[in-house]
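> sequence and predicted structure below; questions after.
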Amino acid sequence: MTAKNLYAYTLQPVNYEISEAEQRQAQLAIWRSTNKIGTKTWAIMAVVAALSIVGIILLKNYSTIFCWVALVCVVAYFLIRKFGLEWYVKRKMNEFPVQEIKGIRLGVQPHGLIMRQKMGAQEGVGAIGWKDIYEWYNTPDFMLINFKVKGQQGAYILPKRMDSKNFSFNTIRKHLTETVGEAKKV
C-alpha cells in the first residue's frame, strides 16, 4: 500500500443511520427505474393514435366514435401508467413500515464492507465481501448495493452525506467496478 492510498480505507467505522424519507426515496427511485414504458408499447400507442387521427380526418361523414374511443384509451393508458401507478405505489409503500436502522457503523476495507452493531453488552461484526455484491446503483442522492451472503439477500442504501475521508465512496466505486462491473442505471 502506498502513501497515496494509505487512507483509502476506514480506520474507524462511521455511523450508518438512514431516515425513513431516505429509504422511501431510494425505494421510489428503484421502482421508477423498473417502470419504464418499453419501445414496443410506445410503437403500439403511436400506431393506434395515428390510425385514430387518420380515421377522424377521413371518416367525416361516418361515425368516428371508435376512433375517438381509441385515442382516449391511448391517452388514458399513458396517464395511468405514468402518474396513476406511481400514486398507487407510494400509497402501498406507506402501508408498510420501513426498517429502523440505528446503532450500526459501517467501514470500507480491502476485502469488502464491514458492519459493527451493538447487541446488548457485546458488539457484533459482519463483513460483506466485494464478491458477495451482485449489483449496485449510483445516483446523485445515494448509492444502493445489493448483496447475497450465505443464502440471505440484503441491501445497503448509502446516502451521499456519508461520503467522507473515513468512508470513501471513491474506494467503494473502485472495488465495485473491478468486482461487479459498472453501476446499473436508475
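Here it is on my side, so go on.

> low pLDDT regions in this protein?
Along the chain, the parts satisfying pLDDT under 70 run over 1-8, 10-11.

> give the contact list for Ile104.
Contacts for Ile104 (CB atoms under 8 Å, 6 or more residues apart in numbering) come out as Asn15, Tyr16, Glu17, Met115, Arg116, Gln117. For every residue, glycine as well, the C-beta is placed using N, CA and C.

> please repeat the previous calculation with a cut-off of 10 Å.
13-18, 115-118, 124, 126, 156 (CB atoms under 10 Å, 6 or more residues apart in numbering).

> tell me the secondary structure for the most centrally placed residue in the chain?
Nearest to the mean C-alpha position of the chain, by CA atoms, centre = their mean, lies Ile30 at 2.9 Å. Secondary structure, DSSP: H, G, I helix; E, B strand; the rest coil: Ile30 is helix.

> just to check, it is in contact with Lys185?
No - using CB atoms under 10 Å as the test, Ile30 is too far from Lys185 to be in contact (11.2 Å).

> which residues are common contacts for those two?
Tyr137, Thr139.

> helices and strands around the longest helix along the chain, which ones?
Ranked by residue count and defined by DSSP state H, the top helix of the chain is helix 39-58. When contacts are defined as 3 or more CB pairs under 10 Å, 6 or more residues apart in numbering; DSSP states H and E, helix 39-58 sits against helix 65-79.

> show me what the helix it packs on is packed up against.
Against helix 65-79 (3+ CB pairs under 10 Å, 6+ apart) you get helix 39-58.

> tell me how far the helix it packs on lies from the chain's centre.
Here helix 39-58 is found 33 Å from its chain centre; the criterion is CA atoms, centre = their mean, to the nearest Å.

> again with stretch 104-116
For stretch 104-116 - counting by CA atoms, centre = their mean - the centre lies 21 Å from the chain centre.

> what residues sit buried inside that stretch?
Neighbour-count burial for stretch 104-116, counted by 16 or more other CB atoms under 10 Å, picks out Ile104, Arg105, Leu106, Gly107, Val108, Gly112, Leu113, Ile114, Met115.

> now swap in stretch 66-85 and tell me
Cys67, Ala70, Leu71, Val74, Tyr77.

> can you tell me the closest non-neighbouring residue to the third one?
What that stands for is Leu71. Closest residue in space to Leu71, ignoring its immediate chain neighbours: Ser52 at 4.2 Å, by CB to CB, 6 or more residues apart in numbering.

> let me see the ranges of the helices in this structure.
Counting by DSSP H, the helices of the chain are 20-34, 39-58, 65-79, 85-95, 169-179.

> per-domain residue ranges of the protein.
14-18+101-179, 32-95 (automatic domain parsing).
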